[in-house]
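[1] quick one: sequence and predicted model below, then my questions.
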Amino acid sequence: MAFSFFAVAVYLLVTLDSDYASTPADAASEGVQVTYGSTIKLMHEKTKFRLHSHDVPYGSGSGQQSVTGFPNVQDANSYWIVKPTPDSFAKQGDTIKSGTIIRLQHMRSRKWLHSHLHASPISGNMEVSCFGGEGESDTGDYWRLEIEGSGKTWRQDQRIRLRHVDTNGYLHSHNKKYSRIADGQQEVCGVSDKKPDNIWLVAEGVYFPAAEGK
């Protein structure tokens, strides 16, 4: 089941960035549910940059694969697969409630969205990186979903925050940009305070249908 979905997802993602993808404008009106197995882009609300990673390591801190905000919509390195934690009984297609701990797996590299207390390169906040791989994941990959407003179950049109379990830092970005490791891309980091720059929206993606009865 997992393999067949991944094969279909790869096929669809070839055309996602050429008008096939569900976008914030068209899917928001339908309130598409974000379920386990969905492959999504996360858009920083304030700057509209997408959460992004590629095989470029940080030159400081952990030296792990860098995570940035990417200005262009059409880039497959901005796709993330929504996964449960290893000890969860959740399955593909299950809906996700506010307060749930999730993981985000980078589709291209198969590494996990990760954070720790290393200083981020530009602002000196908590570094956010990509780490591990299939079968290699730890609590540094755990993020608690916080839905803004009254919604209880994650849908595409909802504003969200992701709070890192180990550090309590919110996934954060701002308009401070790199000039070397990722020219024109902006820093993504973790910060301890709840701020407007912590807000993200689900943008383009392939949405795994909600399991029956969910």
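    Good, I have the coordinates. Every value quoted in this text rests on a predicted model; they were computed, and no experiment measured them.
[2] quick one, phi/psi of the residue lying closest to residue 88 once chain neighbours are set aside?
    Distances taken as CB to CB, 6 or more residues apart in numbering put residue 101 closest to residue 88, at 8.0 Å, once the chain neighbours are dropped. The C-beta positions use only the backbone N, C-alpha and C, and glycine is treated the same way. Main-chain dihedrals, residue 101, degrees, to the nearest 10: phi -90, psi 130.
[3] just residue 149 next, same as before
    Residue torsions, per degrees, to the nearest 10, at residue 149 are phi 90, psi -160.
[4] wait, it touches residue 159, no?
    Yes. Assessed by CB atoms under 8 Å, residue 149 is found in contact with residue 159 at 6.9 Å.
[5] more neighbours: those two, which one.
    residue 159 (15 against 9; other CB atoms under 10 Å).
[6] from residue 137, how far off is that one?
    According to CB to CB, to the nearest Å, residue 159 and residue 137 sit 27 Å apart.
[7] shaky segments in the chain?
    1-30, 181, 212-214 (pLDDT under 70).
[8] what about the strands in this protein?
    Taking DSSP state E to define them, one finds strands in the chain at 39-44, 50-57, 65-70, 80-84, 101-106, 112-119, 126-131, 143-147, 160-164, 170-177, 186-191, 200-206.
[9] looking at the ones you listed, which is closest to residue 93?
    Closest approach to residue 93 among the strands of the chain is made by strand 80-84 (11.0 Å; CB to CB).
[10] now that closest one: how far from the chain's centre is it?
    Centroid displacement of strand 80-84 relative to its chain, using CA atoms, centre = their mean, to the nearest Å, is 8 Å.
[11] within the sheet, what are the partner strands of it, with directions?
    Partner strands and pairing direction for strand 80-84 (DSSP bridges) are strand 39-44 (antiparallel), strand 101-106 (antiparallel).
[12] what sits against the residue nearest to residue 71 when sequence neighbours are not counted?
    Leaving aside its sequence neighbours, residue 71 sits nearest to residue 49 (CB to CB, 6+ apart; 5.6 Å). When contacts are counted by CB atoms under 8 Å, 6 or more residues apart in numbering, residue 49 touches 43, 69, 70, 71, 173, 185, 186.
[13] and if we set it to 10 Å?
    Applying CB atoms under 10 Å, 6 or more residues apart in numbering, we find residue 49 in contact with 42-43, 68-73, 78, 173-175, 177, 184-186, 188.
[14] cool, residue 208 as well?
    Contacts of residue 208 by CB under 10 Å, 6+ apart are 5, 8-9, 33-39, 81-82, 92-94.
[15] return a selection command, for use in ChimeraX, containing the buried ones of the residues you listed.
    Remark: buried members of these, expressed as a ChimeraX selection using 16 or more other CB atoms under 10 Å:
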select :5,9,33,34,35,36,37,38,39,81,82,92,93,94
